[in-house]
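In: I would like the atomic coordinates for the input below:
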Amino acid sequence: MKILNPFLLLACLFTITIGAQEISDNALGLRLGDSDGFGAEISYQRLLSRYHRLELNLGWRDSREYDAFKVTGLYEWVRHIDGNFNWFYGAGAGFGSASFEPIPGDVTPDGGFFVLVAGNVGVEYNFDIPLLLSFDLRPELGILGYNDFSDNFDFDIALGIRYQF
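Out: Residues are numbered from 1 along each chain as shown. Take a look at the predicted model:
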């Protein structure tokens with residue numbers, strides 16, 4: 001029996017380690033960054049297969065200069081690094097709308113609809129509790145619509161905090 005106990009302990013630890021490397025089916029939380037004026041985004045991730053997932057983000061901004069919203073969808077590939085660390089990369093697209101506050105005595109643009117394409121690369125740490133922290137870089141290129149957002153290249157850097165279920 002004394003010989004069996006260490007083997008049972010190792011088997012339990014091995015099982016816990018294998019479980020911690022799994023990508024959860026769903027994750028919901030916030031993506032916090034501010035390169036393109038969208039300070040916070042509600043973020044949802046859905047597992048599609050073992051190493052692929054879909055990420056949807058809804059960002060909004062209500063500031064003194066403009067009000068805007070942006071929806072972005074990304075297809076991501078997830079790769080294991082070590083322990084609970086993963087790295088991911090992906091591509092996608094999005095759309096949004098912006099309206100600017102009028103400035104007295106100045107010509108203020110009306111704002112409007114815009115479309116963008118985006119890439120994504122980052123690292124994430126999957127805690128043993130249902131918490132996922134990530135750091136990612138998302139270059140975005142406006143391709144259609146309102147000039148200040150469509151002719152623009154933004155390099156968004158953000159921290160993600162998500163609850164996994």
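In: distance from stretch 158-165 to the middle of the chain?
Out: Here the centre of stretch 158-165 is set off from its chain's centre by 8 Å, with Cα atoms, centre = their mean, to the nearest Å.
In: now residue 45: phi and psi?
Out: Note on residue 45: its backbone torsions stand at phi -120, psi 140 [degrees, to the nearest 10].
In: hey, what's it bridged with?
Out: Beta-bridge partners of residue 45, counted by DSSP bridges, are residue 27, residue 55.
In: next one, pLDDT for residue 5 please.
Out: On pLDDT, residue 5 comes in at 54.
In: shaky segments in this protein?
Out: Per-residue confidence for the chain (pLDDT under 70) gives these ranges: 1-21, 35-38, 103-110, 146-151.
In: in the protein, which spans are helices?
Out: 4-20, 147-150 (DSSP state H).
In: state the phi and psi torsions of residue 25.
Out: According to degrees, to the nearest 10, residue 25 has phi -70, psi -40.
In: identify the residues contacting it.
Out: 46-47, 165 (Cβ atoms under 8 Å, 6 or more residues apart in numbering). All C-beta spots, glycine's among them, are computed from the backbone N, C-alpha and C.
In: repeat that for residue 46.
Out: 25-26, 53-56.
In: from residue 26, how far off is it?
Out: 6 Å (Cβ to Cβ, to the nearest Å).
In: count of neighbours near the spatially closest residue to residue 70 that is not a sequence neighbour?
Out: Using Cβ to Cβ, 6 or more residues apart in numbering and skipping the chain neighbours, the partner closest in space to residue 70 is residue 96 (3.5 Å). By the criterion of other Cβ atoms under 10 Å, residue 96 has 24 neighbours.
In: same check, this time on residue 126
Out: So residue 126, with other Cβ under 10 Å, has 22 neighbours.
In: who is it paired with across the strands?
Out: So, taking DSSP bridges as the rule, residue 126 has residue 132 as bridge partners.
In: ok, it to residue 86 distance?
Out: 7 Å.
In: can you list residues touching both of these two?
Out: residue 23.
In: related to what we said a few turns ago, kindly supply the ChimeraX command isolating those of the contacts of residue 46 that are buried.
Out: For the buried members of those, the matching ChimeraX selection, counting by 16 or more other Cβ atoms under 10 Å, is:
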select :53,55,56
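In: with respect to residue 154, which of the contacts of residue 46 is nearest?
Out: Nearest to residue 154 among these: residue 55, at 17.2 Å, using Cβ to Cβ.
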